[in-house]
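1. sharing a model prediction with you, sequence too.
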Amino acid sequence: MAYIEQFEVWIPNDTAEGHEVQERIVGLLEQHGWPMRDAFGVRLALEEALVNAIKHGNRMDATKQVYISCKFAADEVSVVIEDQGEGFEVVEVPDPTEDDNLDKPGGRGIMLIRSFMTSVEYNDKGNRLSMTKRLVVGA
Amino acid sequence: MSAGNRRLDIEEIGDVTVAKFTDKKILDEGNIQIIGTQLFALIEDDGRQKIVLDFSNVEYLSSAALGKLITMDKKVKAAKGKLRLCHVRPDIYEVFAITKLNKLFDMKDNLEAALQGM
């Protein structure tokens, strides 16, 4: 895979810092003419993943950091986000679309990430998310 | 409340309150908290019962924002009021559809349709 750009950063546990990285990655997609809908999906997935890492993973602990790596090719972007928290059991997250959960305010982030990205994987501990969006040719 | 913090443009049409989001992106945690406070005040402080939320300006919204809308819906129902959403663009509608919240909320294409039968 010929990457046009790749970088890795550690950011403080702060959503404003997360937004800067989000803008940097979505900016790459926009500069290279990615369709609006795909850029929308990647932005939303990044937002949800970073909020999860900062809020739920690192539990807003200002002494912790979040690691982000990004590899960007013309038709693919891969992002890894790792927090310094305890992790979680991905399978234990309840399905937010079940009738009993539909009116609960939380629990939709992971579902949106899975919907908008092409592949999504968590490590066993549950503190590192690897996600990729691939452009579908002719879509 | 200072104008700089105002996240909703409020308009009264008959007995219906139309609240239009002023932000393009409803993502930032602090911003979402402010929006939640201003939304809930429509019910809890002002006693408004018929509310239309206009999404014309909104290009992005995260699950945290959905959470505030769900809480708003509960408050409106508890007050025996009515809540409708309108002008939700297709990308955002997809977020509601994926999470099946299009079943929970009464969503209309435009303001005119939202006002009908309120």
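-> Sure, I can see it.

2. tell me the residues of chain B that contact chain A?
-> B:27-29, B:60, B:62-64, B:66-68, B:70-71, B:73-74, B:91, B:95, B:98-101, B:103-104 (C-beta under 8 Å from any C-beta of the partner chain). From N, CA and C alone the C-beta is placed, and that goes for glycine too.

3. okay, now the unreliable bits of the chain?
-> Just going to use chain A. When residues are selected by pLDDT under 70, those of chain A lie in A:138-139.

4. looking at chain B here, not the other one
-> Within chain B, the segments meeting pLDDT under 70 span B:1-4.

5. in it, which spans are strands?
-> Secondary structure of chain B (DSSP state E): strands at B:8-13, B:16-21, B:25-26, B:50-54, B:60-61, B:82-86, B:106-108.

6. what lines up beside the second one in the sheet?
-> Sheet pairing for strand B:16-21, assigned by DSSP bridges, gives strand B:8-13 (antiparallel), strand B:50-54 (parallel).

7. please apply the same query to the last one.
-> In the sheet containing strand B:106-108, the strands it pairs with under DSSP bridges are strand B:82-86 (parallel).

8. keeping just the C-alphas, turn the partner strand into PDB.
-> Extracted as PDB, the C-alpha positions of strand B:82-86 are listed here (Å, rounded to 0.1, in the frame of the first residue of the first chain):
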ATOM      1  CA  LYS B  82     -45.200  17.200  21.400                       C
ATOM      2  CA  LEU B  83     -41.700  17.200  19.800                       C
ATOM      3  CA  ARG B  84     -40.900  17.100  16.100                       C
ATOM      4  CA  LEU B  85     -37.700  17.300  14.200                       C
ATOM      5  CA  CYS B  86     -37.400  18.800  10.700                       C
END
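
9. residue in chain B nearest to chain A?
-> Residue nearest to chain A within chain B (C-beta to the nearest C-beta): residue B:67, separated by 3.5 Å.

10. hang on, that residue packs against residue A:103?
-> No: the pair residue B:67 and residue A:103 fails to qualify as a contact (C-beta atoms under 8 Å) at a distance of 10.5 Å.
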